[in-house]
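*Asks:* When you get a sec, could you give me coordinates for this:
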Amino acid sequence: MYSIKNISPEELKGFNQTIDKTLLYAVIDDKGKVLYLSKKFQKLLNITSNQDKKPIEELMTTDEGQQIYLKELIQNRKKNWSGEIEVTTRTNAVKWLEMSINLMHNVNLKQETLILCSDITERKHNEVTLEKISKKEYDEKIQLQKTQSSQIVEAQEEERKRIAKDIHDGIGQTLTALKFSIESINASNIEATFNKVTQLKEGLGFLIKEVRSVTFNLTPPELSDYGIVPALNKLVIKLSDFTGKNIYFENKTDFKGRFDSLVETNLYRVVQEAVNNALKYAASNYILITLSHSVNKLSIVIDDDGKGFDYQKLTKKGKESGMGLFFMKERIRYINGRLFINSEKNEGTRITINIDLDKT
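*Replies:* Next up, the predicted model:
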């Protein structure tokens with residue numbers, strides 16, 4: 001360890017010069033008069049050595065409000081202080097300083113104050129920039145949520161219109177026809193009445209099928225009664241009969257579990273949407289739904305041999321099918337799952353749904 005006695009005057013002078021050029025510091029008396037101001041501090045504040053006789057608050061800033069704050073901060077202080085301050089230099093440059101005020105006594109026991117500063121202007125500018133970026137990202141997120149909410153409402157309205165159209169075009173027209181048939185029955189003409197009754201039976205049979213079809217599309221009873229596996233199996237059978245396409249369901253790991261109704265409903269709707277998209281937009285002739293599970297994960301994969309598509313282009317254009325994919329992702333995200341879409345033109349499509357079993 002070196003002793004102060006072993007330091008030569010030249011070394012001490014060099015040491016003081018180094019400190020003078022590298023540190024922002026000032027020494028003031030108990031009246032606020034500057035006793036010493038380091039060269040680095042002078043350079044930062046854009047003042048010369050013959051100007052440093054003014055009170056410290058006038059040297060540090062040209063802003064009157066800042067001068068008043070600094071004067072109150074420094075004078076009549078009974079204990080040390082540290083914090084951040086804003087100052088305005090003679091060139092109207094705004095600087096941020098991290099400042100500490102340290103009370104001390106000289107050899108004559110007179111109180112002096114040592115002011116040490118660090119220039120944190122760049123850090124403050126970065127903080128402001130980061131805050132602006134964060135606010136922009138937050139605003140964009142809020143706007144996205146508003147857009148998505150609007151799209152969800154629109155989709156709900158479209159679904160209501162579709163259900164109303166199904167009821168009007170199918171059930172409504174059949175009921176009207178049955179009404180007219182009943183009103184036209186002439187009991188005195190037995191043969192005509194018999195034919196009318198036969199027609200009414202056929203009409204009622206068609207009506208029952210229409211009601212079952214509409215209610216099945218709304219909520220299949222198998223889903224609430226028996227779970228996702230029987231519901232998907234019934235969906236495949238119904239759609240195969242209705243479309244004449246090759247649609248299959250395979251429960252590879254013989255899964256028999258049940259989930260919360262919200263999870264089961266969203267899983268079912270996403271699979272239903274995927275199959276409908278494959279039939280409606282991809283002109284698929286072969287669709288395979290595969291369900292498998294492990295200790296922690298359930299996977300449902302929907303493969304089709306359809307036309308395929310460019311996922312990025314489709315979602316950017318906001319087409320009806322693109323909106324369908326958007327809502328599929330939203331449904332799966334809502335139940336803490338993940339959905340992956342892989343598709344190429346003329347190469348078919350694979351949609352994979354993964355659900356963590358320990359979170360459902």
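
*Asks:* what about dumping the CA coordinates of stretch 34-41 to PDB?
*Replies:* Included here for stretch 34-41 are C-alpha records, laid out as PDB according to Å, rounded to 0.1, in the frame of the first residue of the first chain:
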ATOM      1  CA  VAL A  34     -17.900  28.500  -6.100                       C
ATOM      2  CA  LEU A  35     -14.400  27.800  -4.700                       C
ATOM      3  CA  TYR A  36     -13.400  25.400  -7.400                       C
ATOM      4  CA  LEU A  37     -15.000  24.000 -10.600                       C
ATOM      5  CA  SER A  38     -13.400  21.200 -12.500                       C
ATOM      6  CA  LYS A  39     -12.400  21.700 -16.100                       C
ATOM      7  CA  LYS A  40     -14.700  18.900 -17.300                       C
ATOM      8  CA  PHE A  41     -17.600  20.600 -15.500                       C
END
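
*Asks:* what about the strands in this structure?
*Replies:* 24-29, 34-37, 81-88, 94-105, 111-119, 246-251, 286-293, 297-304, 338-343, 349-356 (DSSP state E).

*Asks:* Mean neighbour count, these: which tops it?
*Replies:* strand 297-304 (a mean of 21; mean count of other Cβ atoms under 10 Å). No exception for glycine: its C-beta is placed from N, CA and C like everyone else's.

*Asks:* Just the angle for it relative to strand 286-293, thanks.
*Replies:* 170 degrees (axes from the mean of the first three to the mean of the last three Cα atoms, to 10 degrees).

*Asks:* which residue is nearest the middle of this protein?
*Replies:* residue 141 (6.2 Å; Cα atoms, centre = their mean).

*Asks:* pLDDT wise, what is residue 67 at?
*Replies:* pLDDT, residue 67: 91.

*Asks:* Just to check, it is in contact with residue 56?
*Replies:* No. Counting by Cβ atoms under 8 Å, residue 67 sits too far from residue 56 to count as a contact (9.6 Å).

*Asks:* Those two: who's more crowded?
*Replies:* Remark: of residue 67 and residue 56, residue 56 carries more neighbours, 24 against 19, as counted by other Cβ atoms under 10 Å.

*Asks:* Please report the distance of the more buried one from residue 101.
*Replies:* As for residue 56, its distance to residue 101 is 10 Å (criterion: Cβ to Cβ, to the nearest Å).

*Asks:* what residues are shared contacts of those two?
*Replies:* Common neighbours of residue 56 and residue 101, using Cβ atoms under 8 Å, 6 or more residues apart in numbering, are 74, 115.

*Asks:* quick one, what contacts the residue lying closest to residue 272 once chain neighbours are set aside?
*Replies:* Once flanking residues are discounted, residue 272 sits nearest to residue 235: 6.3 Å by Cβ to Cβ, 6 or more residues apart in numbering. Residues in contact with residue 235, defined by Cβ under 8 Å, 6+ apart, are 220, 249, 268, 271-272, 275.

*Asks:* would you turn those into a markdown table with pLDDT and distance to residue 40?
*Replies:* As requested, the contacts of residue 235 are exported to a markdown table (pLDDT from 0 to 100; distance: Cβ to Cβ, whole Å):
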| residue | pLDDT | distance to residue 40 |
| --- | --- | --- |
| 220 | 77 | 78 |
| 249 | 97 | 77 |
| 268 | 93 | 71 |
| 271 | 95 | 70 |
| 272 | 90 | 72 |
| 275 | 92 | 73 |
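
*Asks:* which ones among these are found in helices?
*Replies:* Within these, residues falling in helices by DSSP state H are 268, 271-272, 275.
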